[in-house]
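In: need a 3D model of the following:
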Amino acid sequence: MCEEQTVSLVDVLEEDEELEEEASAVLAGSDSDHCSYPEGYVKRQALYACNTCTPKGGEAAGVCLACSYKCHEGHDLFELYTKRNFRCDCGNRKFTELQCKLHPEKDDVNTVNKYSHNFFGVYCTCSRPYPDPDDQVEDEMIQCVVCEDWLHGRHLGCAAPDCVELQEMICESCMNKSPFLWTYAAHLAVEGAAVQVKEETSAEESNVAGKEEQVDDVIEPSCKRSREEAEPRCRLKELQAGGQKGVQSGAVFWPSGWRSKLCSCSTCQERLSEDGLSFLLDELDTVLAYERKGKNNEQGQQGQQGNDPLMSALDNLNRVQQLEIIHGYNDMKTELKDFLQRFAAEGKVVTPEDIREFFEQQSRKRRRVDGNRFYCT
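Out: Okay, the predicted model is just below:
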């Protein structure tokens, strides 16, 4: 007979805490009280699609965080995480029976907005919902930084590397739409993911490359420096001439800071603009930068609200008293987790009487400790 797997209440509490942190990272960077429409096409914001107001078969539309609370309360919403360069659609022509409560005056459509099947609640190349009730495979989903679709790990065409949350991914489809990205991938991509670099440079070419790298450390005549400043070298052409090639298939993972290594000469800027990829030159476009902004906003709000009353009370105590309280709090938290875990392991329901008994035991234990305490004179 197989043992039934149980989940302790402690596990549930810890999972809830992780979910709260993730939600905070996404939501704290967006305004929850005011419609973002007046700000125009926001660089990055949390977005939702309303299946109640714009169901599949109609026109795709997205609403900001504030409108999801104020205008679409109780509706069937798809959480889209974040999208770049988007203007809130709430109440425009696409919403035939709803007017925005926060900013009713809107253009009929937002022509710059980009939409995908995500706005109808399906994701990945398999066009399935998330969570998918018919999918029994445990698999994480990773967002492409170009098309911003979410792909199952098993549909990336490669193995996801370690610390994937700190790296950016571009799916194979987006790589193929802008083939020059494969050249960058052969030099910059995370090793062990999709791109397997094949060294094709000869020893002589390697020596030349090494000498070119050393040139940067040599003091050059001012006339030569000024000429190079006026006509910057194209890094992409230099990489293409290097001879390194990679397997051009599967998604590509990029390490932190890879955007700063892209060429920004006028020719490359024009190429990026034509492909709608100018944002790749902006390191503040990343989701990590957005989440960092949200955390800073949240910390600032907490600072404005004043200090925690408990912490203020601790500040008025001497160090010995502070340590006693901190140790006592940690002991009680540990014992409470152990207490709840026993109930979860036995499949029992925790009643108010159980909780009351726990704190009465803590109180009796505290009295015994205080009664046996000796003080030096």
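In: right, and Lys101 touches Glu73 too?
Out: No - shown here, Lys101 and Glu73 do not form a contact pair, counting by C-beta atoms under 8 Å, at 10.0 Å. (C-beta placed from N, C-alpha, C; glycine too.)
In: compare these two and say which is more crowded by neighbours.
Out: Lys101 (14 against 8; other C-beta atoms under 10 Å).
In: local confidence estimate at the more buried one?
Out: We have a pLDDT of 97 for Lys101.
In: list the contacts of Ile142.
Out: Contact analysis of Ile142 by C-beta atoms under 8 Å, 6 or more residues apart in numbering lists 150-151, 153, 156, 160, 164, 169, 251.
In: surely it is within a strand?
Out: Yes - with DSSP: H, G, I helix; E, B strand; the rest coil as the criterion, Ile142 is part of a strand.
In: I'd like to know the beta-bridge partner residues of it.
Out: With DSSP bridges applied, Ile142 shows beta-bridge pairing to Leu151.
In: start at 14 instead
Out: That works, and once the first residue is 14, the last one we named lands at Ile155.
In: relative to Ala198, how far out is it?
Out: Going from Ile155 to Ala198 by C-beta to C-beta, to the nearest Å gives 16 Å.
In: over to Cys103?
Out: 38 Å.
In: comparing these two, which residue is more hemmed in?
Out: Cys103 (30 against 25).
In: what is the neighbour count of Ile164?
Out: Just so we're on the same page, residue 164 is Leu rather than Ile. Around Leu164 there are 24 residues (other C-beta under 10 Å).
In: one more: the one 4 residues further on?
Out: Applying the criterion other C-beta under 10 Å, we find 17 residues in the vicinity of His168.
In: just checking, it touches Arg141?
Out: No - assessed by C-beta under 8 Å, His168 is found out of contact with Arg141, at 9.7 Å.
In: so what sits against both of the two?
Out: Contacts common to His168 and Arg141, judged by C-beta under 8 Å, 6+ apart, are absent.
In: low-confidence ranges in the stretch 14-163 of the chain?
Out: 14-38 (pLDDT under 70).
In: again, only this time at 50
Out: 14-18, 20 (pLDDT under 50).
In: ok so Leu60 is a helix residue?
Out: No - using three-state DSSP, the assignment for Leu60 is strand, not a helix.
In: which strand residues bridge it?
Out: Cys77.
In: distance of the nearest residue to Phe292 once chain neighbours are set aside relative to Asn98?
Out: The shortest distance from Phe292 to any non-neighbouring residue, by C-beta to C-beta, 6 or more residues apart in numbering, is to Asp298 (4.5 Å). Distance of Asp298 to Asn98, computed by C-beta to C-beta: 9 Å.
In: between those two, which contacts overlap?
Out: 56, 292.
In: how close does Leu349 get to Glu366?
Out: Taken as C-beta to C-beta, the span from Leu349 to Glu366 is 16 Å.
In: quick one, phi/psi of the residue positioned nearest the centre of the chain?
Out: With distances taken as C-alpha atoms, centre = their mean, the residue of the chain nearest its centroid is Val300 (5.1 Å). Note on Val300: its backbone torsions stand at phi -60, psi -40 [degrees, to the nearest 10].
In: check the gap between it and Met182 for me.
Out: For Val300 relative to Met182 (C-beta to C-beta), the value is 11 Å.
In: in the longest helix seen in the chain, which residues are buried?
Out: Longest among the helix segments of the chain by residue count, using DSSP state H, is helix 332-359. Buried residues in helix 332-359, defined by neighbour count with 16 or more other C-beta atoms under 10 Å: 349, 352-353, 357.
In: other SSEs contacting the helix or strand Phe91 falls within?
Out: Using DSSP states H and E, the element containing Phe91 is strand 90-99. Counting contacts by 3 or more C-beta pairs under 8 Å, 6 or more residues apart in numbering; DSSP states H and E, strand 90-99 is packed against strand 55-63.
In: re the thing from before, want to throw the buried residues of helix 332-359 into a markdown table with distance to Cys63 and pLDDT?
Out: Listed next are the buried residues of helix 332-359 as a markdown table, based on distance: C-beta to C-beta, whole Å; pLDDT from 0 to 100:
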| residue | distance to Cys63 | pLDDT |
| --- | --- | --- |
| Leu349 | 41 | 82 |
| Phe352 | 43 | 82 |
| Leu353 | 38 | 81 |
| Ala357 | 37 | 73 |
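In: need these in CSV (columns: distance to Asn131).
Out: Formatted as CSV, the buried residues of helix 332-359 follow (distance: C-beta to C-beta, whole Å):
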residue, distance to Asn131
Leu349, 41
Phe352, 43
Leu353, 38
Ala357, 36
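In: closest one to Glu287 out of those, please.
Out: Nearest to Glu287 out of those is Ala357 (C-beta to C-beta; 57.6 Å).
In: below-threshold pLDDT in the stretch 164-313 of the chain: ranges please.
Out: 208-233, 237, 240-241.
In: one more time with 80, if that's ok
Out: 177-179, 204-245, 256-260, 308-313 (pLDDT under 80).
In: which stretches of it form strands?
Out: Using DSSP state E, counting those that start in this stretch, the strands of the stretch 164-313 of the chain run over residues 181-183, 210-211, 258-259, 265-267.
In: domain parsing for the protein?
Out: Listed domain ranges for the chain are 27-133, 179-215+242-304, 322-382 (source: automatic domain parsing).
In: how close does Arg355 get to Phe371?
Out: 11 Å.
In: how about the nearest residue to Ser273 once chain neighbours are set aside, what does it touch?
Out: For Ser273, ignoring the flanking residues on the chain, the nearest one in space by C-beta to C-beta, 6+ apart is Glu296 at 6.2 Å. By C-beta under 8 Å, 6+ apart, the residues touching Glu296 are 270, 272-273, 302.
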